[in-house]
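Undergrad: Next one to model:
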Amino acid sequence: MTIKMAKKKKEKIVTKIKVGDSRVKMDSEGHLRVRPRRYRLMLLNEATMRPRISFSTGRGRLIVWTVVTAVVLAVIGALLLGATPLKRILPGYLKRAQRSELYLMSETIDSIRQESAINRAYIDNIAAVFSADVDLDSVRRASEQALATQVTPLDSLLSTSQEEIDFVRRYEQRERFNASVLSPIAAEGMIFYPPVAASPMAESVDGTGRVTLQLPASTPVSAMYRGTVVDSYYTPSQGYTLVIQHPNEFITRYSGLATKLVDRGEKVKTGERIGLTTPSTQNSSQRLPVTLEMWHNGTQLNPKQYVTF
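TA: Now for the predicted structure:
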């Protein structure tokens with residue numbers, strides 16, 4: 001009798017604990033255990049106040065889901081900023097070359113705008129003159145006023161002294177002497193190749209050092225030294241002309257070619273054929289003479305002083 005009463009009292013106590021605290025439950029062995037705290041997320045419809053989405057989770061799962069969501073959002077944001085045009089809104093995105101290009105473009109736009117305003121003002125003035133809206137006397141007065149306000153440089157009021165004349169003459173002589181001396185020094189170690197292998201039928205050298213040759217028909221013309229073809233053009237009086245830039249600031253020019261074998265921008269080797277003279281099918285009186293020129297630092301040289309042909 002006593003045992004039964006104890007069991008009933010125990011059942012009453014358990015019932016009271018369950019009603020008062022929903023976290024307490026009894027396992028299969030009759031022991032009381034406290035359930036972990038759980039959290040519920042609900043999305044309610046404001047019109048009916050009924051839940052649309054509802055789920056509950058524990059503290060551990062809540063932390064895991066929070067971390068996973070943050071990582072996913074970070075990855076998505078990194079992909080959007082790294083692989084889409086959205087990265088352009090980031091500060092410091094443009095490179096230095098792009099910033100310089102944009103700066104130059106802005107300056108160009110300003111210049112174009114200024115030129116457009118000047119041209120517009122010029123056109124408006126012309127239109128006003130043709131429409132007789134401008135008094136011609138006002139233009140004359142403006143010109144006279146501009147001349148009256150023009151300041152004459154002080155140097156224009158002074159005559160050239162004899163000392164200045166002597167200094168300029170000595171300077172020109174010294175520079176001319178340096179050019180003639182430095183050219184052979186710059187050519188040391190450079191072995192120039194004869195531009196033509198055939199003996200010329202006639203040869204002449206003018207006062208500047210330009211060599212003109214009368215060559216047989218279809219004679220090949222070769223480069224005197226290795227270099228790069230910097231210019232190539234054609235004229236009816238001289239045929240094709242080739243200009244080759246060589247090392248040590250040497251330049252050679254070949255004129256009177258009927259056919260060119262190289263073009264602008266190509267690199268040539270020493271002795272490489274670059275053109276042909278007038279073919280034998282044409283009249284001998286119409287054959288173009290071949291003219292050879294050599295330059296060093298702007299000074300014209302005589303090619304026969306550097307190569308034998």
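Undergrad: Which secondary structure state is assigned to the closest residue to residue 242 other than its chain neighbours?
TA: Distances taken as CB to CB, 6 or more residues apart in numbering put residue 254 closest to residue 242, at 4.8 Å, once the chain neighbours are dropped. C-beta: built from backbone N, CA, C; applies to glycine. Three-state call for residue 254 (DSSP: H, G, I helix; E, B strand; the rest coil): strand.
Undergrad: swap in residue 164?
TA: Applying three-state DSSP: residue 164 is helix.
Undergrad: Look up how far residue 170 lies from it.
TA: Noted for residue 164: a distance of 11 Å to residue 170, by CB to CB, to the nearest Å.
Undergrad: so who does residue 48 touch?
TA: Shown in contact with residue 48 (CB atoms under 8 Å, 6 or more residues apart in numbering): no residues.
Undergrad: okay, how far is it across stretch 197-216, tip to tip?
TA: Taking CA to CA, to the nearest Å, stretch 197-216 runs 11 Å from one end to the other.
Undergrad: how about it: buried residues?
TA: By neighbour count on 16 or more other CB atoms under 10 Å, the buried set for stretch 197-216 is 200, 209-215.
Undergrad: cool, stretch 286-300 as well?
TA: Applying 16+ other CB under 10 Å to stretch 286-300 flags 287-296, 299-300 as buried.
Undergrad: Reformat those into CSV and put pLDDT and secondary structure next to each item.
TA: Formatted as CSV, the buried residues of stretch 286-300 follow (pLDDT from 0 to 100; DSSP: H, G, I helix; E, B strand; the rest coil):
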residue, pLDDT, secondary structure
287, 79, coil
288, 87, coil
289, 91, coil
290, 93, strand
291, 94, strand
292, 94, strand
293, 93, strand
294, 92, strand
295, 90, strand
296, 87, strand
299, 84, strand
300, 87, strand
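Undergrad: List just the nearest of those to residue 119.
TA: Nearest to residue 119 among those: residue 295, at 41.2 Å, using CB to CB.
Undergrad: Tell me where the stretch 1-150 of the chain has helices.
TA: In the stretch 1-150 of the chain, helices defined by DSSP state H, counting those that start in this stretch lie at 2-20, 59-83, 96-130, 136-149, listed in chain order.
Undergrad: if I look at residue 248, how far off is residue 264?
TA: 21 Å.
Undergrad: Equivalent analysis for residue 255, please.
TA: Look at residue 255 and residue 264: by CB to CB, they are 15 Å apart.
Undergrad: more neighbours, the two?
TA: Each of residue 255 and residue 264 has its neighbours counted (other CB atoms under 10 Å); residue 255 has more, 22 against 13.
Undergrad: residue contacts, the more buried one?
TA: For residue 255, the contact set (CB under 8 Å, 6+ apart) comprises 238-241, 290-291, 293.
Undergrad: hey, what's it bridged with?
TA: residue 291 (DSSP bridges).
Undergrad: And residue 203, by the same measure?
TA: Note on residue 203: beta-bridge partners by DSSP bridges are residue 213.
Undergrad: do the same with residue 43
TA: Going by DSSP bridges, residue 43 forms beta bridges with residue 53.
Undergrad: May I ask you to confirm that it is in contact with residue 50?
TA: No - using CB atoms under 8 Å as the test, residue 43 is too far from residue 50 to be in contact (10.2 Å).
Undergrad: Low-confidence stretches in this protein?
TA: Confidence mapping of the chain against pLDDT under 70 gives the ranges 1-35, 86-96, 99, 132-160, 171-186, 281-285.
Undergrad: quick one: contacts for residue 202?
TA: For residue 202, the contacting residues are 213-214, 289, by CB under 8 Å, 6+ apart.
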